[in-house]
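Chemist: Any chance you could fold what I've pasted below:
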Amino acid sequence: MKKIIAFTTGFLFGWSVSAQEIPSQTRGIEKSAAVGVEYRIKAGIALGGISPLPLPEEIRSIEGFNPGLNLSVEGEMLKLFKDKWGLAFGLRLETRGMSTDAKVKNYWTVMQLEGQQMQGYFWGGVKTDVNNSFLTLPVSAVWKFNERWGVKFGGYGSYALKRSFSGSTYDGYFRAETPTGIYFEIDEINYDFSNDMRKWYWGLQAGGEWRAFSHLIVSVDLSWGMNSIFNKEFEAIAFKMFPIYGTLSFGYTF
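Modeler: As a prediction, this is how the structure comes out:
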């Protein structure tokens, strides 16, 4: 993680300085400030989860939800082209996870029963644990109301460094192939779909920020995944699932 953070800040600083034509009498951060470039280091905590949209009727109730501890660290560069408009680039290391417990009915899935894999429908409880980490490149257009307040909107691309989606089905029954197929009573069966998750993600993000002090900023962002977390060939869950997270961040500006 330390190597990734060092790479993040080094990349952003080096790229910006080499790309600008700046008077030779200024040095370091003053060079960037002279052309409207600002560097930031941010740390955040996120709340959210992975969910189908809309919530399908097969999911009858949510019995429990734990968002987990989702942290992020980011290096960001902001370039203002006019007094109010700008463009922000970043490189972010983040964790995204959750745990849920739901009651389902007529839920299409795949199970290992009697030594073989079977497709069919499940009635009962489903527990899910998600624990992922990503390297993310966010790009946003920025509009500043004044010296303290601003909003931004853009998109992001992410690469999964760690993929984990597992859990169990419990206290229910399974019908093979059709809702009236061969009956199996289920006490508890574990599942692990981690290898069926995709590696590349993209989505939209929007947020706002407040400059509390000259070097301290506070920001709130919402990220919304636009592609399902599973590969196209995946069939064990009948509906698509998308990552949706809100993040509170604190940043230091140079």
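
Chemist: Now do the strands in the stretch 151-254 of the chain.
Modeler: Along the stretch 151-254 of the chain, counting by DSSP state E, counting those that start in this stretch, strands occupy 165-176, 183-192, 200-211, 216-225, 242-253.

Chemist: List of residues touching the fourth one?
Modeler: Read it as strand 216-225. The contact list for strand 216-225 (CB atoms under 8 Å, 6 or more residues apart in numbering) reads 40, 42, 44, 152, 156, 201-212, 242-253. In this view, the C-beta of every residue, glycine as well, is placed from N, C-alpha and C.

Chemist: of those, buried ones?
Modeler: 40, 42, 44, 152, 156, 201, 203, 205, 207, 209, 211, 242-243, 245, 247, 249, 251, 253 (16 or more other CB atoms under 10 Å).

Chemist: Which residues are in contact with the residue lying closest to G68 once chain neighbours are set aside?
Modeler: Sequence neighbours aside, G97 is the residue nearest to G68 in space, at 4.2 Å (criterion: CB to CB, 6 or more residues apart in numbering). G97 makes contacts with P67, G68, L69, N70, D129, V130, N131, N132, S164, as judged by CB under 8 Å, 6+ apart.

Chemist: same thing with A238?
Modeler: Counting by CB under 8 Å, 6+ apart, A238 has contacts P56, E58, Y107, W108, T109.

Chemist: swap the cut-off to 7 Å and go again
Modeler: Residues in contact with A238 (CB atoms under 7 Å, 6 or more residues apart in numbering) are W108.

Chemist: Okay, it and N106: tell me how far apart.
Modeler: Taking CB to CB, to the nearest Å as the measure, A238 falls 10 Å from N106.

Chemist: Please apply the same query to A46.
Modeler: For A46 relative to N106 (CB to CB), the value is 33 Å.

Chemist: Between those two, which is the more surrounded one?
Modeler: A direct count of neighbours by other CB atoms under 10 Å for A46 and N106 places A46 higher, at 23 against 13.

Chemist: what is the residue nearest to G68 paired to in the beta sheet?
Modeler: With DSSP bridges as the criterion, G97 is bridged to N131.

Chemist: same deal with L91?
Modeler: Beta bridges link L91 to G75, judged by DSSP bridges.

Chemist: can you tell me which helix or strand the residue lying closest to L161 once chain neighbours are set aside belongs to?
Modeler: Among residues not flanking L161 along the chain, S133 sits closest, at 4.7 Å (CB to CB, 6+ apart). Taking DSSP states H and E as the definition, one finds S133 inside strand 116-144.

Chemist: next one: D101
Modeler: D101 belongs to strand 85-113 when assigned by DSSP H and E.

Chemist: and that strand, what's its mean pLDDT?
Modeler: When pLDDT is averaged along strand 85-113, the result is 95.

Chemist: Let me see the contact set for the residue lying closest to T100 once chain neighbours are set aside.
Modeler: Setting aside the residues directly before and after it, T100 is nearest to T128 in space (CB to CB, 6+ apart), at 4.9 Å. Shown in contact with T128 (CB under 7 Å, 6+ apart): S99, T100, G167.
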